[in-house]
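Novice: starting from these lines, generate the structure:
(chains A and B)
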Amino acid sequence: MLSGNQIQALLEGVWMTVRVFALAGLLGTVLALLFGIMSLAENRLLRWISRIYVEVARGASAIVLLFYAAFAIPIILGMRSGRTFVFTAAVVALGVNMGGYGAEVVRTGIQSVPRGQTEAATALNLRFRDRLRHVTLPQALIVMLPPYGNLSIEVLKATALVSLVGLADLTAEAQNLRVQRAVSGSRAATSLAIFGTALVFYFVMAQLLAVFFRWLERRLAGDWYRGRS
Amino acid sequence: MSAFAQVAFSWDWDYALRVLPDIARGLWQTILATLVGISIGMVLGLLLALLRRSRVRVIRWPTIAFIEFVRSTPLLVQLFFIFFVFPGFGLVLSPFVTLVVGLGIHYGTYTSESYRAGIENVERGQWEAATALNLSAATTWSRIVLPQAIPTVIPALGNYLVAMFKDAPLGFAVAAGGILLAAQSEASRSFRPIEPFTLMGVLFLAVSIPAAFFVRYLERRYGYERA
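Specialist: Residues are numbered from 1 along each chain as shown, chains lettered A, B, ... in the order given. Purely as a prediction, here's the structure:
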């Protein structure tokens, strides 16, 4: 079994995982809204920019984006790479990747709102911005939540990749503990305990996210039926 | 200062062309791992989908728990688990086998959900007809249900194939050959990361974007709708 110190090391890793997840999730959400709405613009150029962003952000994969951001970008920019740079690069890479998937969630969500809603809002002389804010987005939100919840769990899982570029997240702490035990010549059972515990921590975090999103869905649906949106 | 900037920004075509074959070989290894991985994932997924439908609780519940657990934990940690924990129980796997088994198990839990949806979409009347004709369970499954369920699952499997290709470079973490391992070892040998990493990005996109378009074409063509 793991000692108190080992558990504490893993929990420090959890804190790093949570920080990377929260910031990448925030950036990903902003990009998702931006490019998702842009993909429905009437301007063809804006639609194309959005399309290219989505294809590249998704197609390049989280891990390729991460390594490019952490190791190639600092040299292209002529910057010195330090801890802060790697942390920022990791958040940006995961956020950009999430934004690509999120933009599709936003797009299909908005498209699921019946056309009549947009037409009625236009008839009422609402501007594009108001139409989006007061009519389409609130209705699209309910459709978007379940896939968005799944996406957030995928992003949580993807944060494990940051251990490969040198951030001390939960996965990296587990690896450190394993290496330490290997040096002091301990048995295989410790490896099982270390990685087993790390997996359980990830599982618990994912379940918390799932519960949170289910709660949010119920709440929003409830508000909806009571007529407050 | 300007001399430094010159070195930092320059793109060396000679060097890029010299490392291209290594990166391309890495890409091929990544594709190979994906193909083996999806084969394992497709078989395991079907098995999990069938176990999940079992009427016996001691089979059904652990299967559901396994699927849930594997789906919501990172593939990277699962690869470490296979690579570092299994040997303690006498199961030593090579880096490549670790990667394809890890990919297969991880995506098997995803494909099992698609199979489940495909099986549930087979009309009740088909089951009833099979019972009326006094077909055995084995015949009902192999001749009636699965031949109708599996075609509807194919576009979803295509999606997972593309997704798996995007995860396959993770083999890097357990020293399995692949595009990331090739690019990273070249970069750390020469201290010039721009060329190998840019080649990696471009080659990767050159495979994943057309593959994604092809899968979307399949989805439209076969009128499949994601649940």
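Novice: any chance you could map the helices in chain A?
Specialist: Secondary structure of chain A (DSSP state H): helices located at A:4-38, A:44-59, A:62-67, A:73-76, A:83-111, A:115-123, A:128-130, A:137-158, A:170-183, A:188-225.
Novice: closest point of chain B to chain A, which residue?
Specialist: With C-beta to the nearest C-beta as the measure, the residue in chain B that lies nearest chain A is B:Gly88; the distance is 2.2 Å. For every residue, glycine as well, the C-beta is placed using N, CA and C.
Novice: report the contact partners of residue 198.
Specialist: No chain specified, so I'll use chain A. Residues counted as contacts of A:Ala198 (C-beta atoms under 8 Å, 6 or more residues apart in numbering or on different chains) are A:Leu10, A:Gly13, A:Leu170, A:Thr171, A:Glu173, A:Ala174, B:Val77.
Novice: switch to chain B, that's the one I care about
Specialist: Contacts here follow C-beta under 8 Å, 6+ apart; on that basis B:Thr198 touches A:Tyr68, A:Ala72, B:Trp11, B:Ala16.
Novice: turn those into JSON lines, columns for distance to B:Val92, pLDDT and neighbour count.
Specialist: JSON lines is the format used below for the contacts of B:Thr198 (distance: C-beta to C-beta, whole Å; pLDDT from 0 to 100; neighbours: other C-beta atoms under 10 Å in any protein chain shown):
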{"residue": "A:Tyr68", "distance to B:Val92": "33", "pLDDT": "95", "neighbour count": "22"}
{"residue": "A:Ala72", "distance to B:Val92": "35", "pLDDT": "91", "neighbour count": "22"}
{"residue": "B:Trp11", "distance to B:Val92": "43", "pLDDT": "87", "neighbour count": "11"}
{"residue": "B:Ala16", "distance to B:Val92": "38", "pLDDT": "92", "neighbour count": "16"}
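Novice: wait, which of the residues you listed is closest to A:Val92?
Specialist: Nearest to A:Val92 among the contacts of B:Thr198 is A:Tyr68, at 10.5 Å by C-beta to C-beta.
Novice: now the closest residue in space to A:Ile76 that isn't next to it in sequence: how far from A:Val56?
Specialist: If the residues on either side of it in the chain are set aside, A:Ile76 comes closest to B:Ile194, at 6.4 Å by C-beta to C-beta, 6 or more residues apart in numbering or on different chains. Between B:Ile194 and A:Val56 the distance is 18 Å, computed by C-beta to C-beta, to the nearest Å.
Novice: the more surrounded of those two?
Specialist: Neighbours of B:Ile194 and A:Val56, each counted by other C-beta atoms under 10 Å in any protein chain shown, are more numerous for B:Ile194; the result is 21 against 16.
Novice: just want the residue of chain A that's nearest chain B.
Specialist: Closest contact between chain A and chain B, by C-beta to the nearest C-beta, is at A:Ala188 (2.2 Å).
Novice: what are the contacting residues of the helix or strand bottoming out on mean pLDDT in chain A?
Specialist: For chain A, the helix or strand with the lowest mean confidence is helix A:128-130, at a mean of 85 (criterion: mean pLDDT, DSSP states H and E). When contacts are taken as C-beta under 8 Å, 6+ apart, the neighbours of helix A:128-130 outside the stretch itself are A:Ala121.
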